[in-house]
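Asker: coords please:
(one chain, ligands or ions: 2)
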Amino acid sequence: MAVSLIDKTVLITGASSGIGEACAYTFAQAGARLILLARRRERLEEIAHTLHEQYGAKVLTLELDVRDREAITSTLTHIPSEFSDVDFLINNAGLSRGLDTLQNGDYVNWEEMIDTNIKGLLWVTRAVLPKMIEKGDGMVINIASIAGRQAYPNGNVYCASKAGVKMLSEALQFDVNGTGVRITNIDPGLVETEFSLVRFRGDEKRASTVYKGYTPMTGEDVAEAVLFCATRPLHVSIHDMLIMPTAQASTQMVHKNL
Ligand code: NDP
Ligand code: 8X3
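Answerer: Ligands and ions are numbered 1, 2, ... in the order given. As a prediction, this is how the structure comes out:
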């Protein structure tokens, strides 16, 4: 039987835009209680307000930086009781900075990607997973990327960070085996979000060219895939999913009509 999300608690990191925001809408519509985590408080509050208005969803917003291990650990281990029983953790917070060869790379960009995409995911998971294991139920969904399966020119550290996420997802299968907890890794291809705007530090023209000449995926497309994985019967665990725009064959080949 498909799993119902009514009254289930879903913690989404990086919920203030893109894929994370779309997951918030999709899971609220399915009846879940939400914990939305990101750094931009105003965005989170606007989303929470709309979710409450549209779906009557109960939402807790957490203004947190996933890189801040102490804040993550203390906040997530002391969540108000109505939200403290996290059933689903969607590790989505992540970013890319720059696009350059390694020999010309910027240490600050590298640290931000590794600290957010890998270490941030570890801090959040370490704080939430023990309780799931204790109750013998729960699910962790990691948003990695096609970039973690196939490198592309100048993608070096971002690709490595996402390969790291993918391998952590795989390793976690061993850690939770026999506990009832499920782990899913999702690798999306190109999704039109704020991702490229962040990568190119606000350069709108450069960011928009990434998505020109073909139909990229939307955050909602990925959110629907996340929902599908989350609602499989409890004896079914989707370990790994690759989801691409139809126009994208690989990181290196996108059919564009420019
Ligand atoms: P967005 O830039 O639209 O969203 C990124 C989200 O991550 C924002 O909510 C941002 O919130 C949050 N975030 C970033 N850094 C931190 C931090 N230090 N602490 C807490 N939250 C943080 O991009 P996407 O929606 O596209 O990205 C979501 C995930 O999907 C990322 O992991 C990305 O790598 C992955 N992905 C994206 C693809 C794409 O083509 N767009 C394809 C494959 C994977 P805030 O700034 O408010 O903190
Ligand atoms: C984001 C997709 O191909 O821009 O992970 O790296 S890509």
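Asker: taking the mean pLDDT, what do you get for stretch 218-235?
Answerer: Average pLDDT, stretch 218-235: 98.
Asker: pull the CA atoms of that stretch into PDB?
Answerer: Provided in PDB are the C-alpha atoms of stretch 218-235 (Å, rounded to 0.1, in the frame of the first residue of the first chain):
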ATOM      1  CA  THR A 218      11.200  22.500 -13.200                       C
ATOM      2  CA  GLY A 219      11.500  22.200  -9.500                       C
ATOM      3  CA  GLU A 220       8.000  20.700  -9.600                       C
ATOM      4  CA  ASP A 221       9.200  17.900 -11.900                       C
ATOM      5  CA  VAL A 222      11.800  16.800  -9.400                       C
ATOM      6  CA  ALA A 223       9.400  17.300  -6.500                       C
ATOM      7  CA  GLU A 224       7.000  14.900  -8.100                       C
ATOM      8  CA  ALA A 225       9.800  12.300  -8.400                       C
ATOM      9  CA  VAL A 226      10.600  12.900  -4.700                       C
ATOM     10  CA  LEU A 227       7.000  12.400  -3.800                       C
ATOM     11  CA  PHE A 228       6.800   9.200  -5.800                       C
ATOM     12  CA  CYS A 229       9.800   7.700  -4.000                       C
ATOM     13  CA  ALA A 230       8.400   8.800  -0.600                       C
ATOM     14  CA  THR A 231       5.000   7.200  -1.100                       C
ATOM     15  CA  ARG A 232       6.100   3.800  -2.200                       C
ATOM     16  CA  PRO A 233       5.000   1.000   0.100                       C
ATOM     17  CA  LEU A 234       7.200   0.500   3.100                       C
ATOM     18  CA  HIS A 235       8.800  -2.700   1.800                       C
END
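Asker: Tell me if that stretch is near ligand 2.
Answerer: No: using Cβ under 6 Å from any ligand atom, stretch 218-235 never reaches ligand 2; the gap is at least 10.9 Å. Bear in mind the C-beta positions are built from the backbone N, C-alpha and C, glycine included.
Asker: what does that stretch contact?
Answerer: For stretch 218-235, the external contacting residues (Cβ atoms under 8 Å, 6 or more residues apart in numbering) are 1-5, 10, 18-23, 25-27, 30, 88, 90, 137, 139, 141, 143, 180, 182, 184, 186, 188, 191-193, 238, 241, 243.
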